[in-house]
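1. Structure, please.
(chains A and B)
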Protein chains: 2
Amino acid sequence: MREVAIIGVGDTKFGELWDMGFRDIGIAAGLAAVQDANLAAEEIDALYVGNMSAGRFIEQEHVAALIADYSGLARDNIPATRIEAAGASGGLALRQGYLAVASGMHDLVVVGGAEKMTDVGDTMAAEIQSSSTDQQWEVTFGATFPALHAMIARRHMHDYGTTREQLASVAVLNHLHGSMNPKAQFQRAIDLKTVLNAPPVAEPLGMFDCAPSSDGAAAVVLCAMEKAHKHTDKPIRILASAQASDTLALHARSDITSFQATRVAARHAFKQAGLEPKDIQVAEVHDNFTISELLAIEDLGFFPKGQGGKAVVDGQVAIGGKVAVNTSGGLKARGDPIGATGVAQVVEIVSQLRGTAGKRQVAGARFGLTQNVGGTGATVVVTILGAN
Amino acid sequence: MREVAIIGVGDTKFGELWDMGFRDIGIAAGLAAVQDANLAAEEIDALYVGNMSAGRFIEQEHVAALIADYSGLARDNIPATRIEAAGASGGLALRQGYLAVASGMHDLVVVGGAEKMTDVGDTMAAEIQSSSTDQQWEVTFGATFPALHAMIARRHMHDYGTTREQLASVAVLNHLHGSMNPKAQFQRAIDLKTVLNAPPVAEPLGMFDCAPSSDGAAAVVLCAMEKAHKHTDKPIRILASAQASDTLALHARSDITSFQATRVAARHAFKQAGLEPKDIQVAEVHDNFTISELLAIEDLGFFPKGQGGKAVVDGQVAIGGKVAVNTSGGLKARGDPIGATGVAQVVEIVSQLRGTAGKRQVAGARFGLTQNVGGTGATVVVTILGAN
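-> Down below sits the predicted model:
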């Protein structure tokens, strides 16, 4: 397999983008990435698009062809492929693009992720999000997506003594990071009291423990490493891409305080990259709920099992800490347009490794990691990136 | 890139499978393919699933993880990825599986396709199918999926003198083939009068010019060629896999009597395989409407432009003709469970190349081709297979 580099990144602001349609946001992000890579459209060999549920959000399937069409890429008849794995759609699209370049099939591939969630009401958006879990054995019996994460949180509190305040600290930190990101949906820092006093969604999780519904898109340009220097002085290497699955329903697992798929994907990814958790300076993890970030930083091996909450409170995942986590604001504050999220995570890490992350730059960032989750951990993809 | 072989195939009956759920049909096809390949589940490295719209048909996204879970594959945490490109979802899933093996990332990959369409009513099924075309610029203005194909048919009749009877002959032939396939949805031969006298759907297309709504699944097992002989004496080689895009909406094209994406994908595929159209003895093409088969056999280069209708009437695409087309019965008679179709086409070609197609066996079949279409030709994937 050939080495693969990222040579361009682009994204839209995340939020309620009522003046832009699905195709507009997809094209805006893709165009930004292509310009960042100094490419002409004719050079692009293929397009991959991560998207969870355009079929239900905007009654449009076949969205990779749609983006190829409206971006002008269909003129060259290039392959356009949509990938779906709920919240992990973006990360998996990146992995398929990576394989297409690594295999030698293509040299230059654009990978985008996009979702337009706010064209439907909040209730419908919540219902669609629940379709990432087991419709037949979870949703039918009334288990919403927040409720399933609330069960995970309760069990984590029971087994490891994790506190409500530790959960809330995740939201406080990610909102602080979001306040430094001009593209974040929420750019206001909040305090612990705000999180603790917010209306409950599914106890112990309140409104500020849950990522919002968002519109947005992100894109990256992949290139065979051997050709990357023709386009950029600072290619960012994809050192590893690993994906793992678990049961769709929580009730089929022996332990719900850990995502086995994260542990397996991380093990494969660190092995492929020849690195260990301690080598990573910056990571974007899938904090769709505050509890999810604790599971992530434990399952990825950054902190011992059950110590995630303490690590957050002690500032170990802040900028300047042991490993800076979710410097973009994470899903919590940057926003979570589902299919875009996994790609946006990579955009943030690329900015960090290029040293262009502005106010939220992590000094000396050399290796970065993303962890992107579908459903309640049934799909996880872990990507490790390295500065040249 | 490594050579890739198909070492196992499986499928369900296509039709109104009201006693089976989505997960049941997916697992039935996958299990049949894995048994056909003489594999133990633990040997499988990854799963790809083609599916168009489970989100709307059964309110379940994240279906690759679902199939991995219920087939027991999630126990080994293998990657499971869903691919969507409307009617081309199955063919594209095969192509991603092919890339995963060709790249060296995986040795043994299961590719499945599945759709459960009959759990919603006919009107909703038609509406969902229309979401493969441009929602904003075609569907909103009342253009249904059959109506768009009716326009293609009208123009083909105008430009090339194609007749209503020639269109009807496609249905007659494919129903004849379906009558020889015990897994086909329609197993009764029909005559020309039946097709011509059927109620109109979108003139000139009547009820027998349109493929039905179907439930069903199909699966194949891919293996690196260098390891295929450990599992089977008759590996079938994937000689080429090519994919191309076009505009989503018909109105943006200079010519609607031809699918440019088919022509481009076919050109790439024949080049990769080192073959020409005359080398192919058997082909499965995307006859979701009778007119679609004429476009396919012309655009693939089997017959000159405008001569497709005459070729069908002259028996040149029948078993024993120049190239046997849709020996399975095609989408028209075998049925069209959207995401399953592209994979089912490959299952049929593998049976032909193995010489196990029974009553519908094409004598001396050595090279076979599939053409799988998404929307009105916005995505096309062409696969060429060879007997060993």
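2. Buried residues of the lowest-mean-pLDDT helix or strand in chain A, list them for me.
-> Scoring the helices and strands of chain A by mean pLDDT, DSSP states H and E places helix A:122-130 at the bottom, with a mean of 94. The neighbour-count check on helix A:122-130 (16 or more other Cβ atoms under 10 Å in any protein chain shown) flags A:A125, A:E127, A:I128, A:Q129, A:S130 as buried. (Glycine included, C-beta is placed from N, CA and C.)
3. What of stretch A:300-314?
-> A:L300, A:G301, A:F302, A:F303, A:G306, A:Q307, A:G308, A:G309, A:K310, A:A311, A:V312, A:V313.
4. for stretch A:175-187, same thing?
-> Those buried within stretch A:175-187 under the rule 16+ other Cβ under 10 Å are A:H175, A:L176, A:H177, A:G178, A:S179, A:M180, A:N181, A:K183, A:A184, A:Q185, A:F186, A:Q187.
5. same thing with stretch A:212-231?
-> A:212-225, A:228, A:231.
6. next one: stretch A:267-277
-> A:R267, A:H268, A:A269, A:F270, A:A273, A:L275, A:P277.
7. got the contact list for it?
-> A:239-242, A:244, A:266, A:300-302, A:323, A:367, A:369, A:382-384, A:386 (Cβ atoms under 8 Å, 6 or more residues apart in numbering or on different chains).
8. Put the alpha carbons of it into CSV.
-> The C-alpha coordinates for stretch A:267-277 follow below in CSV (Å, rounded to 0.1, in the frame of the first residue of the first chain):
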residue,chain,number,x,y,z
ARG,A,267,-5.0,-0.9,18.9
HIS,A,268,-4.9,-1.4,15.1
ALA,A,269,-4.2,2.3,14.4
PHE,A,270,-1.4,2.7,16.9
LYS,A,271,0.2,-0.5,15.6
GLN,A,272,-0.1,0.7,12.0
ALA,A,273,1.4,4.1,12.9
GLY,A,274,4.1,2.6,15.1
LEU,A,275,3.1,5.0,17.9
GLU,A,276,1.6,4.9,21.4
PRO,A,277,-1.0,7.0,23.1
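9. Report the rounded mean pLDDT for it.
-> Mean pLDDT, computed over stretch A:267-277, is 98.
10. how's chain A carved up into domains?
-> Using automatic domain parsing, the domains assigned to chain A come out as A:4-121+A:214-236, A:129-211+A:239-386.
11. Can you name the residue of chain A nearest chain B?
-> Evaluated by Cβ to the nearest Cβ, chain A has A:S103 as its residue closest to chain B, separated by 3.3 Å.
12. Could you list which of the buried residues of stretch A:267-277 belong to helices?
-> Among these, the members found in helices (DSSP state H) are A:R267, A:H268, A:A269, A:F270, A:A273.
13. quick check, nearest of the residues you listed to B:P337?
-> Closest approach to B:P337 among these (Cβ to Cβ): A:H268, at 33.5 Å.
14. still on that earlier bit, which among the buried residues of helix A:122-130 are in contact with chain B?
-> Intersecting the buried residues of helix A:122-130 with the contacts of chain B gives A:E127, A:I128 (criterion: Cβ under 8 Å from any Cβ of the partner chain).
15. Which members of the buried residues of helix A:122-130 are the farthest-apart pair?
-> Most distant of those, by Cβ to Cβ, are A:A125 and A:S130, 9.9 Å apart.
16. Mind picking the two most distant members of the buried residues of stretch A:175-187?
-> A:L176 and A:K183 (15.7 Å).
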